[in-house]
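Novice: Provided below are the primary sequence and the corresponding predicted coordinates.
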Protein chains: 2
Amino acid sequence: MMKIYRYPEQKTWPDLVKRPVLKREEISELITQIFETVEKDGDKALIEFNKKFDKAATLEILVSEAEVENAENEVSEDLKKAIRQAEENISKFHAAQITETEKIESVKGVICWRENRAVEKVGIYIPGGTAPLFSTVLMLAVPANLAGCKEIILCTPPDSNGNINPAILFTAKLCGITKIFKTGGAQAIAAMTLGTESIPKVYKIFGPGNQFVVAAKEYAQRFGVAIDMPAGPSEVLVIADSKAVPEFCAADLLSQAEHGSDSQVVFITTDLEIFEKTIEEVEEQIKKLPRNEMAQQALNHSLFMVTQSIEEALEFSNLYAPEHLILALEDFEQYIPMISNAGSVFLGNYSCESAGDYASGTNHTLPTNAYAKNYSGVSLDSFVKKITFQHLSKEGLKNIGKTIELMAEAEGLIAHKNAVSIRLK
Amino acid sequence: MMKIYRYPEQKTWPDLVKRPVLKREEISELITQIFETVEKDGDKALIEFNKKFDKAATLEILVSEAEVENAENEVSEDLKKAIRQAEENISKFHAAQITETEKIESVKGVICWRENRAVEKVGIYIPGGTAPLFSTVLMLAVPANLAGCKEIILCTPPDSNGNINPAILFTAKLCGITKIFKTGGAQAIAAMTLGTESIPKVYKIFGPGNQFVVAAKEYAQRFGVAIDMPAGPSEVLVIADSKAVPEFCAADLLSQAEHGSDSQVVFITTDLEIFEKTIEEVEEQIKKLPRNEMAQQALNHSLFMVTQSIEEALEFSNLYAPEHLILALEDFEQYIPMISNAGSVFLGNYSCESAGDYASGTNHTLPTNAYAKNYSGVSLDSFVKKITFQHLSKEGLKNIGKTIELMAEAEGLIAHKNAVSIRLK
């Protein structure tokens, strides 16, 4: 079932780290059509799409106050308590990312600094389907709120009865989301990009989704909207030494595999016994999973590797640039500096990926598809712009005036030079 | 010549803030072809393109050591000194952006933090043409170097003799750029995206350029490369009160206008006398500019507005979201909190935009085209990824285990739950 490589040569690595190629071109015409329809017909188009794609009769797109109130009664007290604890931890971790303004006097009389300003209007997309991802509501709305975004809206598709999962509504309210709309897929992205009678246009769109949502987010950028990051299937790479626990490693690998048939699962160890035992454990544990079939498909293109050393495993990992990296290593501390490309790193035998997925405080919206080489995961920074400010006194301008004049002249920009000369003459 | 609006009604604002629509579709086929040619023929293609587009015979793409050494002799001592002072100030401002790692214990035994890792390979594009933008080399290479990027390469087109402007070479060397290549336009972007025999593939591409470069950077993202930010023509918005100096305001407006015929220039004041005098000054000063014709074209679509109050002017500015905002106001301090969308802000009568363009220390690579609503300018952050780390002790997992289990179960992700249960049983 899984692909097994014992001591693969480095020259084969570039092939091993390749992700499946996504075919987006095919659906681009459909996306364009959906954007056009939403632009032309607004809310009416969204109601039609709900009927067509979600088999849902919805008279109103906006979720009512009553619906939100009601949801609170439908979520169990235990789950509410769990969501609140997660919210608290996520708040704590993201609040620590708020930076102070530090003024720098680069030269006497020249003072420069940066100030944070929230992206004023943000849109969060939460997929429908089998799993109601209220945890993603936490991961996006908590930092948006901390950043001070004025308008935080949420779009998610209704079920066939026209309802939204109560845990999503409860979490949205807890996190200060201002408006929730019943619309999903590419049409939800189009609505947040273009605006409709009820849905306000936003400046930045966040959240996961299927291939239509991903293509729509990409397309939305043509209209000046920003997005959280490019998307791809979810991934984990586990590196284990001889002290790792095969049951734990297998459970982590499977928690990734159950996400979807396109999930990427990589296991690397230096220990042949751990290698064999982990594979056995995977085969054992998978039997009992409700999402067994999906996990099995994911495993069919998973990698199980043995390397000579932990250093070599990390070198492979840096080339792969995994979304999640688990170091099931006794002396993980010494390997941290070697990590150059990863979305989020889990250290030791008790730091399972699902801790970060739900409740430890870190964000679970992370770069996939090797984007960990050039993108960070979502953080407070994703919801703010950093604006630079500067104040020059007359003395300050005198101190750097000559430099500006010389450089502007050498670049052939005489009006740039004049702006200094006219002030100093 | 310029468009003049006295007390325009707020309902007309959305029309007034509109930027020219860029027609990118037309050249997309050409861009695709260039990428295909570079992928197929590598360096040979680049040499051919140099002949075709830059009328330059180049045997080698890589700038030699000797060429770099030679450049140092060709730059005047005064200019070298100026570049060094600018480099020092830019370093100082960007070095202060390096963040410390702060560990957060969200719950006892659950420790989370972020660490910075440089984007390992970055490419800088510097346009050729009339103005040799060595200042942009500083703005991109200084933070890249501070961030710790391992490979910092630079592409810029050769002149018709096959040479690169010596000020660009001098600055590149000063900033620790590892390799400089003679190639420009879309083909340079293709080369940094795909790699050739001499040009290494990079993970992120920075720098300004004409419509072909802009379109190529957009296209490059399909291959997994990141870019600094979406592009548009350069802009300034000046807000002046009765204490502003019309000569200074005019000089700032013209320093923007000389960038190109598509430059965006906006002037807003509450004072009718300042209004008239600034217009007169613009008409006077423009006569003496070498780039007079370009500046004139830019002014033809510029906005000159009178508003009732500074608050109203700022409201307009926030809707416009200018790349550069100059507050030529006596009591600028009190208006800072009202600024929500801008790239970089210049405060008072002596903070001319050209200070920030060259030497005050702030970055001049800034969001245009209203992207100041959702993007920051280039900073040290643009060259790093922030990776989250977490370590849970067994006790830590116990403390949040129930929460994770409940949430995972409610989302229907049983393998996620198992990863906790198996560790705690």
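Specialist: Received the coordinates, thanks. Numbering: from 1, shown residues only, chains lettered A, B, ... in the order given.
Novice: Kindly list the longest helix within chain A.
Specialist: Once chain A is assigned using DSSP state H, the helix that runs over the most residues is helix A:77-95.
Novice: Which of the residues in that helix are classified as buried?
Specialist: A:79-80, A:82-83, A:85-94 (16 or more other CB atoms under 10 Å in any protein chain shown). No exception for glycine: its C-beta is placed from N, CA and C like everyone else's.
Novice: Could you tell me the per-residue confidence at residue A:368?
Specialist: Residue A:368 is assigned 96 on the pLDDT scale.
Novice: quick one: contacts for the closest residue to it other than its chain neighbours?
Specialist: Excluding the flanking residues, the one nearest residue A:368 by CB to CB, 6 or more residues apart in numbering or on different chains is residue A:232, at 3.9 Å. Residues counted as contacts of residue A:232 (CB atoms under 8 Å, 6 or more residues apart in numbering or on different chains) are A:19, A:22, A:368-369, A:371.
Novice: how about the helices of the stretch 151-300 of chain A, start to end?
Specialist: Taking DSSP state H, counting those that start in this stretch as the criterion, the stretch 151-300 of chain A carries its helices at A:166-174, A:185-194, A:211-220, A:246-257, A:272-286, A:292-300.
Novice: Could I get those helices in TSV, plus columns for distance to chain B?
Specialist: Listed next are the helices of the stretch 151-300 of chain A as TSV, based on distance: least, CB to the nearest CB, whole Å:
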stretch	distance to chain B
helix A:166-174	6
helix A:185-194	12
helix A:211-220	9
helix A:246-257	4
helix A:272-286	7
helix A:292-300	7
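Novice: could I get those helices as TSV with mean pLDDT and mean neighbour count?
Specialist: Supplementary listing: those in TSV, determined by pLDDT from 0 to 100; neighbours: other CB atoms under 10 Å in any protein chain shown:
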stretch	mean pLDDT	mean neighbour count
helix A:166-174	97	23
helix A:185-194	98	28
helix A:211-220	94	22
helix A:246-257	97	27
helix A:272-286	97	18
helix A:292-300	92	18
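Novice: Looking at those helices, which is nearest to residue B:394?
Specialist: Closest to residue B:394 of the helices of the stretch 151-300 of chain A is helix A:246-257 (CB to CB; 11.4 Å).
Novice: and that closest one, how far from the chain's centre?
Specialist: 22 Å (CA atoms, centre = their mean, to the nearest Å).
Novice: could I have that helix exported to PDB, CA atoms only?
Specialist: Extracted in PDB, the C-alpha atoms of helix A:246-257 (Å, rounded to 0.1, in the frame of the first residue of the first chain):
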ATOM      1  CA  PRO A 246       5.200   3.500  17.000                       C
ATOM      2  CA  GLU A 247       1.600   3.700  18.300                       C
ATOM      3  CA  PHE A 248       1.900   7.500  18.600                       C
ATOM      4  CA  CYS A 249       3.600   7.900  15.200                       C
ATOM      5  CA  ALA A 250       0.900   5.800  13.500                       C
ATOM      6  CA  ALA A 251      -1.900   7.800  15.200                       C
ATOM      7  CA  ASP A 252      -0.400  11.000  14.000                       C
ATOM      8  CA  LEU A 253       0.100   9.800  10.400                       C
ATOM      9  CA  LEU A 254      -3.500   8.600  10.300                       C
ATOM     10  CA  SER A 255      -4.900  11.800  11.800                       C
ATOM     11  CA  GLN A 256      -3.400  13.500   8.700                       C
ATOM     12  CA  ALA A 257      -4.600  10.700   6.300                       C
END
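Novice: Any stretches of the stretch 1-150 of chain A with poor pLDDT?
Specialist: Applying pLDDT under 70 to the stretch 1-150 of chain A flags the ranges A:22-25, A:130.
Novice: follow-up on the earlier one: extract the CA atoms of the longest helix of chain A and return them as PDB.
Specialist: Presented in PDB, the C-alpha positions along helix A:77-95 are these (Å, rounded to 0.1, in the frame of the first residue of the first chain):
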ATOM      1  CA  GLU A  77     -22.100  22.200  27.500                       C
ATOM      2  CA  ASP A  78     -19.000  20.000  27.300                       C
ATOM      3  CA  LEU A  79     -18.300  21.100  23.700                       C
ATOM      4  CA  LYS A  80     -18.900  24.700  24.600                       C
ATOM      5  CA  LYS A  81     -16.400  24.500  27.400                       C
ATOM      6  CA  ALA A  82     -13.900  22.900  25.100                       C
ATOM      7  CA  ILE A  83     -14.400  25.600  22.500                       C
ATOM      8  CA  ARG A  84     -13.900  28.300  25.100                       C
ATOM      9  CA  GLN A  85     -10.700  26.700  26.400                       C
ATOM     10  CA  ALA A  86      -9.300  26.500  22.900                       C
ATOM     11  CA  GLU A  87     -10.400  30.100  22.300                       C
ATOM     12  CA  GLU A  88      -8.500  31.200  25.400                       C
ATOM     13  CA  ASN A  89      -5.300  29.500  24.400                       C
ATOM     14  CA  ILE A  90      -5.500  30.700  20.800                       C
ATOM     15  CA  SER A  91      -6.100  34.300  22.100                       C
ATOM     16  CA  LYS A  92      -3.100  34.000  24.500                       C
ATOM     17  CA  PHE A  93      -0.700  32.900  21.800                       C
ATOM     18  CA  HIS A  94      -1.900  35.400  19.200                       C
ATOM     19  CA  ALA A  95      -2.100  38.300  21.600                       C
END
